[in-house]
Each structure stands twice: as structure tokens, then as C-alpha cells.
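J.: how would this look folded up:
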Amino acid sequence: MSLNSFEDLKKRLVEIKEMGFIKTHRVGETGIGKTLEDLLGINENNVPGPNALGWIELKTFRKDAKSMITLFTLAPSPPKINSILLEKYGYTSLRGDRKILHTTVNGLNFNTIKGNLGFKIDVEKDKINLVHFKDGVIAYWEEERLKDAFERKIKNLLLIKAETRGEGKNEEFGFNEGYLLSEFSFKSFKKLIKEGIILIDIRIGQYCDGRTHDHGTGFRILPDKLDLCYQNRVKIL
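T.: Okay, here's the model as predicted:
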């Protein structure tokens, strides 16, 4: 069955749901996505962006998934703040040859870095702040930059969840829940940060010549909470 419209896609998903548990088409973490793409007749590729009907990003998750996913990466403002963070709060790497700052920050309480209180996230009306225990607000992300980064990654999302059973080559998926998601919700995004559901991973290092190396500041969430980031959530399966 060729998929020429969203109605075709929904009809095919209902057929797949009625098939019950389906054996994985590939062993490992990516087996769930590969299996559903094969069933939908979508060619696999590694190119970021819409992969169904030209405007929808299709993502599949196991309902019991415990690993967080990265929503997007975005360095904080103001410019060159990563160099300041590294210089002021960084520590020597295990190899002892350079300075790094690797830390995960949440909106509930201050984290610890090498045994000392470090950072937390505070939210305001139109931005979120990185706050240090002693020094106060030291960096921030504005609403428009966050919205742009989110929508460049996953603006329109078809989120399909699956029950699983078995392991390895015998793992099976029951694709039985799905949502069409659109419109980033900054209000919900802030709420998820305040509740400690979205976490921020700061990963700053150094090149051999001492220059700051931004490994990407990642906004992370559990897959089963991803739908809460959107204003429009339509259950289709």
C-alpha cells in the first residue's frame, strides 16, 4: 500500500496495530524504528528531518524505555559564556591533560560538581536561566531560540509507542498507541523543566591548544514524556 496522504498513513497504522505483536526486523535498539518503517514502506535514511509524507518526523519508542533522548542541543547566551563557564567552574579531566565541565542540571534543586553545590535551572516568563549556587544567574536561553531549536529538530512529529516482549532477535513489537504532535509549547516546556522532567546536559571541554570545545548543551527527556512538549496532541492510534 502506497502512502499518498495522511489518511493513508493512519489507515496503515490501524492495520499494523491489528496485526498484534510483530517480530523485529533488526536486532538491537534501532529495531523498533526499522520494523515500523518497513511495515509502512518508508525507506530508511540517516538524514535529519521529515521522513513520512515530506512533512512529518516519525519516531517510535518502547513504552518501557528508560533511556532519555536529546530533544535538541543549544548553547546558552550570552556569547562566549561557555568559555567563562569552563574557566570558572571547570575541573581537570581524568586524563589530567585538560579542563572540562560535564554536569547535568535540573529545575528542582542545585546539583553538585565534585562534591560542591553547583547549578540549577530557574524559569522566567520568556526565558530560562542557568543559576549558580553562589554567583546567581550566569547564563540563559531565550524563548525564541528554544522554539527555533526545537522546531528545527522535530516540528511535526508522529509519535508511535509500542508494547514489547522477548529479547534480541526474538523481540516483538505491538504498535498500539500513536499521536500527531505539532506546535512547540514553551509554557509546557517550562513546566517540564520546573518539575525536573526535562534535564540539561552541559558538556564543555578543551581542544589541545586550549580553546574551548563545545560538545553540545543537550535538553533531554524520557520518550514517554515527549508529547508533553507540544501544544497540539491528536491521538490517532
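J.: From now on I want contacts and neighbour counts done on CA atoms only, so please keep to that.
T.: OK.
J.: Without its sequence neighbours, what residue ends up closest to L9?
T.: L3 (5.8 Å; Cα to Cα, 6 or more residues apart in numbering).
J.: Next, that neighbour: secondary structure please.
T.: coil (DSSP: H, G, I helix; E, B strand; the rest coil).
J.: For it, report the pLDDT, please.
T.: At L3, the model reports a pLDDT of 71.
J.: Repeat that for V123.
T.: For V123, the pLDDT comes out at 96.
J.: ditto for E163
T.: E163 carries a pLDDT value of 96.
J.: So what's the residue count around the residue nearest to it when sequence neighbours are not counted?
T.: Closest residue to E163 apart from its sequence neighbours, by Cα to Cα, 6+ apart: G174 at 4.9 Å. Per other Cα atoms under 10 Å, the neighbour tally for G174 reads 20.
J.: So G174 sits against A162, correct?
T.: Yes: G174 is within contact range of A162, at 5.1 Å (criterion: Cα atoms under 8 Å).
J.: Let me see the ranges of the helices in the protein.
T.: For the chain, applying DSSP state H gives helices covering 6-18, 31-40, 81-89, 143-154, 186-194.
J.: Kindly present these as CSV, with separate columns for mean neighbour count and mean pLDDT.
T.: Output for these, formatted as CSV (neighbours: other Cα atoms under 10 Å; pLDDT from 0 to 100):
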stretch, mean neighbour count, mean pLDDT
helix 6-18, 15, 93
helix 31-40, 19, 94
helix 81-89, 16, 96
helix 143-154, 16, 90
helix 186-194, 19, 94
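J.: what helices or strands is the longest strand along the chain leaning on?
T.: Ordering each strand of the chain by length in residues (DSSP state E) puts strand 172-184 first. On a contact count with 3 or more Cα pairs under 8 Å, 6 or more residues apart in numbering; DSSP states H and E, strand 172-184 meets helix 6-18, strand 22-23, helix 143-154, strand 157-165, strand 230-235.
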